[in-house]
Structures are given as C-alpha cells and as structure tokens.
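> sequence and computational prediction follow.
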Amino acid sequence: MADDPVPPQIDTTVPHSARIWNYWLGGKDNYPIDREAGDAYVQVYPGIVDIARVGRHFLARAVRHLAEEAGIRQFLDIGTGLPTVDNTHEVAQRVAPESHIVYVDNDPLVLVHAHALLTSSAEGATSYIEADMRRPDDILSIAQKKLDFDRPIALMLMGVLGHVDSYEEVLSIIRSLMSGLPEGSYLALYDDTDTDDAHNKAQQGYDDTGAVPYRLRPPEQIVGYFDGFDLVEPGVVACESWRPEPTPFEDITKTSTLCGVARKRQA
C-alpha cells in the first residue's frame, strides 16, 4: 500500500475517491482511511467492485475502438484519476504509437502521480494539464497549445461527471468542451445510475464521511449526455454490454453503470 513519506498536500485523514477506486482495482496507491471507506461501501453494495472493473475495461475498449476503427490519434482525458493498468495512452499507443494524449485533473494527488502518466512511445506524446472540468474554456485554451485542433480529438469523461451536482452544469460542461473540439471529434464516457437502492445507500454513506460527494443519476439523464451527437453502436448501454470482449476479471455481474461513445456532427 502507499508508503510514507506522504506528500504535504495529500490529506490521509479523509477518504479519497481516486484512492478508493485504486484499492478496488487492486492497486497500492491508497491509505488505511481509503481501505476502510472502500470496505464499508462494499459491505453495503458489493457490486461497486464490479463497477470499478467494468468501467476500466470499457475505457480500454473505447480507446481501442477510437484508435483502430475511427482513426483518432488525439485524446483529451479529463478527470484522469490515479494511474493503473491500461491507461489511455497505453491503450492508444499500442494501436497507434504516434497518438498524443492530454490528461486533465485538478487533484493534487493525481499531480503527484502524473509522472506515471507522462510516459509515452517515442513516436507519440503525453501531457498533463492541471485544470478543473468545471472550467471548460480554460481546459480548451491550454489543450489548444498541446493538440492539433485541425484534427479530430476524443474527449474522455470516465466516471467523473457525478462530481458535479447540477445536471444542467454537467450538460453545459459537455456541450462547451465538445463545441470547442474539431468536427469529427468523439465523446466517450461512463457514469453510475441511481437505480439500485443498495448502491444509493452505500454512496450516501460515503458522502457522509466528508469526502467529495458523487451524484448518482437516473438513466435518462445519462442518455441525455449524448443529445446532439451521433452515437456509435450499440448506443448507451451497461458498460459490460458495450462491444463486449473477454475480460481479465472473473464473475462480473450485471452493473447499473451506463456508457457510450458518440461522434460530433458536422456543422
């Protein structure tokens, strides 16, 4: 597990969603407070571990599809989280070594670990932007200095939109980011729904710890994220059902996490 010394900007007295997610995925970048909160969540809703796993596997499939089939060579990954297996640049550059990935997060914990995200193939590149997804214009302004805005870009928003409480603000963030990207760009995301009572109870218990809360949303709102874009088949579906492939994870149960990939329409 995470070893001392702890960087001074990291608070290990309050659970942290990225570290808990890391714990559920079998990582080591977490502290006792995170494992305690993660175990408490699992006691109420054991399915959260499957959600963590299928979300990660969806990211890999979506990036591979975008690189292999859509020909995307640029990725803007917002709300990056802690490095783990099959990060966006690793998946993309296995398909197309010349791919350029820009990671975006405003979490000091992620910044500490950013060196692990800044590895790259010789032909490609990775970059890191410290910015808040609630300020999409700032993100686009900096990203324009790192990516070629004359070529399509894939926007990645994986399991992060619940950190924004207002649904209208979430829609505004998505629209602002996508409107600033070139024609032919893509949106790829997943998010958790509020359809399972045990999940809702576990999430409320987590929010009550003083950690940054996460809002679970009705399925129709997640579908609404993609309004105005052309969905790639099979549309908005449970993560484990999006172009499924053999998974390294065993005994995955059906989840309530929805995902999708969509293309920006021509003006």
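Looks like it came in fine.

> what about Gly260, which helix or strand?
Assigning secondary structure by DSSP states H and E places Gly260 in strand 257-263.

> tell me how far that strand is from the chain's mean position?
Counting by C-alpha atoms, centre = their mean, to the nearest Å, strand 257-263 is centred 12 Å from the centre of its parent chain.

> average pLDDT for that strand?
For strand 257-263, mean pLDDT is 98.

> and stretch 45-60, by the same measure?
Per-residue scores along stretch 45-60 average to 92.

> off-centre distance for that stretch?
For stretch 45-60 - counting by C-alpha atoms, centre = their mean - the centre lies 11 Å from the chain centre.

> now swap in stretch 65-84 and tell me
Computed by C-alpha atoms, centre = their mean, the chain-centroid distance of stretch 65-84 equals 10 Å.

> in CSV, list the C-alpha atoms belonging to it.
What follows is stretch 65-84, C-alpha atoms only, in CSV (Å, rounded to 0.1, in the frame of the first residue of the first chain):
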residue,chain,number,x,y,z
HIS,A,65,-12.2,1.4,-31.0
LEU,A,66,-11.4,5.1,-31.4
ALA,A,67,-7.8,4.4,-32.4
GLU,A,68,-8.4,1.3,-34.6
GLU,A,69,-11.7,2.0,-36.2
ALA,A,70,-12.2,5.7,-36.0
GLY,A,71,-8.6,6.7,-36.7
ILE,A,72,-8.4,9.0,-33.7
ARG,A,73,-4.8,10.0,-32.8
GLN,A,74,-5.6,12.6,-30.1
PHE,A,75,-7.2,12.1,-26.7
LEU,A,76,-8.3,14.6,-24.1
ASP,A,77,-8.8,12.6,-20.9
ILE,A,78,-10.5,14.7,-18.2
GLY,A,79,-10.7,13.5,-14.6
THR,A,80,-7.8,11.2,-15.1
GLY,A,81,-7.6,9.7,-11.7
LEU,A,82,-4.6,7.6,-10.5
PRO,A,83,-2.6,5.6,-13.0
THR,A,84,-3.5,1.9,-13.1
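
> got the buried residues for that stretch?
Buried residues in stretch 65-84, counted by 16 or more other C-beta atoms under 10 Å: 65-67, 70, 72-84. The C-beta positions use only the backbone N, C-alpha and C, and glycine is treated the same way.

> show me these that map onto strands.
Using DSSP state E, the members of the buried residues of stretch 65-84 that fall within strands are 74-78.

> redo those as TSV? Include pLDDT and distance to Asp197.
Compiled in TSV, those are given as follows (pLDDT from 0 to 100; distance: C-beta to C-beta, whole Å):
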residue	pLDDT	distance to Asp197
Gln74	98	41
Phe75	98	36
Leu76	98	35
Asp77	97	32
Ile78	96	30
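
> columns distance to Leu258 on top of the residues you listed, output as JSON lines?
Formatted as JSON lines, these follow (distance: C-beta to C-beta, whole Å):
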{"residue": "Gln74", "distance to Leu258": "25"}
{"residue": "Phe75", "distance to Leu258": "21"}
{"residue": "Leu76", "distance to Leu258": "21"}
{"residue": "Asp77", "distance to Leu258": "19"}
{"residue": "Ile78", "distance to Leu258": "18"}
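
> just the helices in this structure please.
17-24, 32-44, 48-68, 88-95, 108-112, 136-143, 167-179, 197-207, 219-224 (DSSP state H).

> out of those, point me to the one whose mean pLDDT is lowest.
helix 108-112 (a mean of 78).

> for that helix, name the packing helices and strands.
In terms of contacts (3 or more C-beta pairs under 8 Å, 6 or more residues apart in numbering; DSSP states H and E), helix 108-112 is packed against helix 17-24.
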